[in-house]
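Participant: I'd like to go over a predicted model; first the sequence, then the structure.
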There are 2 protein chains.
Amino acid sequence: MNWKEIFPQFEPGLIEIIEKEAVQRTFLAGEVIMRTGQYIKSAALVLEGRVKIYRESQDGGEFLMYYLGPGQACAVTMICAIQSQQSEVMAKAEEDTEVLMIPIQLMDELMNKYKSWYQFVIMTYRSRFDELLAVIDNVAFRNMDERLEFYLKRHANTTGKKTIETSHQQIADDLNSSREVISRLLKKMEQRNLLKLHRNMIELL
Amino acid sequence: MNWKEIFPQFEPGLIEIIEKEAVQRTFLAGEVIMRTGQYIKSAALVLEGRVKIYRESQDGGEFLMYYLGPGQACAVTMICAIQSQQSEVMAKAEEDTEVLMIPIQLMDELMNKYKSWYQFVIMTYRSRFDELLAVIDNVAFRNMDERLEFYLKRHANTTGKKTIETSHQQIADDLNSSREVISRLLKKMEQRNLLKLHRNMIELL
DNA sequence: ACGCTGCTGTGATTTGAGTCACACTATGAG
DNA sequence: CTCATAGTGTGACTCAAATCACAGCAGCGT
């Protein structure tokens, strides 16, 4: 996987230094890329696949915040990285995923020297911030049925497919709800002809 | 109000340019500093007073995200400002407040030229991000009673006082709940000797 | 003093969502 | 094929929170 095609905006000097210092890694579907509390030693740029970013509660709850696709990076990681702090979130590979790891010691230098990197980072902050605001909207203002609808649409958007291959239990976990509630709401949506239910798969209409 | 004392870390060159280009403004308690959807033409640094940052829902709900005190700036504003976009949030003066407005055209230049500004901005991102994560934790994982406790403690922290001068209705609005629920929960907390209720005032013990 | 108006207390009821209990599939391993 | 397992459907119940409906009460203007 050639990462230069995914970040065509990067300047030659930047590409050179990344080439020299960064490491490319592969994670299998389901593998945890970074856990809450772990010290961050590099910023991760996603090249291929999909990464889920979770917030964890004390009592084992996992609440999905957003997805990262190719060309995206996790703002939380970057912000933590800059100050070499611990991760506040958990990152998990949803599919087999390739990631470019950039050592945090480089961050300051890259920010100062390379306009394209600076802009990439600012853009990342902006878009992750927006996602967080959307998440807050959902949990603060919306009921479960609307949140579920949002979840399904977002999933479809990030994959580009109109089918969602996952169990009701997984959806319930991501929304910090319970399986029965999700099953019932999905049933209702099926009756409203918004989707069609299959085993381990939901087809949007 | 001399802002240089509030930002002692700023470099001389930075101070000079701010002195020349920035505008100082006063807002009265209750005044809206920035509304959702408004185009942002400057980044705002709080010098004195307290600012509440809200997220608004379509149907008129106002959900409190966090407070800004002296020396703090709103990350949302800055991020929007850098890309000259519309505000995603509403900012309201909680007390009489003084604010330093820095035109957005300067942002890029300041970021590149002044290390102290760069660090201030990164710090701002970091701390606002953390606050947002805390907000998400609360609405995603906590019940109303715990959220209320968090609300009161945060209010006390940002003001430094152990009394909170506000109505139950205002608290309910900030938490996107209803007045009766808040009144009842407060009553329970009073019975547990956590606080004492007065008219328009809550005394923490 | 009188009467508003805004703040607070409290019961009754409703609703959304979580929990419990259990039945019924598909699917895949052996 | 057969059994085990993971996924799904559904009713009954509980609980937190929102809503409805009032009733006091403090403070203020006249």
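Facilitator: Received, thanks.
Participant: residue closest to the middle of chain A?
Facilitator: Centroid-nearest residue in chain A, with Cα atoms, centre = their mean: A:Y67, separated by 2.5 Å.
Participant: continuing past the least confident helix or strand in chain A by mean pLDDT, what's the next helix or strand?
Facilitator: For chain A, using mean pLDDT, DSSP states H and E, the weakest element among its helices and strands is helix A:75-82, scoring a mean of 77. Beyond helix A:75-82 on the C-terminal side, the first helix or strand identified by DSSP states H and E is strand A:90-93.
Participant: which helices and strands does that next one pack with?
Facilitator: Contacts of strand A:90-93 with other secondary structure elements, assessed using 3 or more Cβ pairs under 8 Å, 6 or more residues apart in numbering or on different chains; DSSP states H and E, are made with strand A:32-34, strand A:51-56. For every residue, glycine as well, the C-beta is placed using N, CA and C.
Participant: one more pass at 10 Å, please.
Facilitator: In terms of contacts (3 or more Cβ pairs under 10 Å, 6 or more residues apart in numbering or on different chains; DSSP states H and E), strand A:90-93 is packed against strand A:23-27, strand A:32-34, strand A:42-48, strand A:51-56, strand A:62-68, strand A:97-103.
Participant: for the record, mean pLDDT for the fifth one?
Facilitator: Spelled out, that is strand A:62-68. Confidence for strand A:62-68, expressed as mean pLDDT, is 96.
Participant: return the distance of stretch A:69-88 from the chain's centre.
Facilitator: Counting by Cα atoms, centre = their mean, to the nearest Å, stretch A:69-88 is centred 11 Å from the centre of its parent chain.
Participant: have a look at chain A and report its longest helix.
Facilitator: Across chain A, the helix with the greatest residue count (assigned by DSSP state H) is helix A:115-141.
Participant: wait, does that one contact chain B?
Facilitator: Yes - on the criterion Cβ under 10 Å from any Cβ of the partner chain, helix A:115-141 is in touch with chain B at A:115, A:118-119, A:121-123, A:125-130, A:132-141.
Participant: low-confidence bits of chain A, can you list those?
Facilitator: Across chain A, residues meeting the criterion (pLDDT under 70) sit at A:1, A:81-84.
Participant: try 90 this time
Facilitator: A:1-3, A:41, A:58-60, A:74-88, A:104-105, A:107-108, A:111-112, A:122-123, A:125-127, A:129-130 (pLDDT under 90).
Participant: kindly report the residues of it close to DNA strand C.
Facilitator: Proximity of chain A to DNA strand C, by Cβ under 7 Å from any atom of the strand, involves residues A:143-145, A:176-178, A:180-181, A:199.
Participant: any of those residues buried? List them.
Facilitator: Members of these that pass the buried threshold by neighbour count (16 or more other Cβ atoms under 10 Å in any protein chain shown) are listed as A:144, A:176-177, A:181.
Participant: show me what counts as buried in the helix or strand A:E149 falls within.
Facilitator: Mapping A:E149 onto the secondary structure by DSSP H and E places it in helix A:144-159. Buried positions in helix A:144-159, judged by neighbour count with 16+ other Cβ under 10 Å: A:144, A:147-152, A:154-155, A:158-159.
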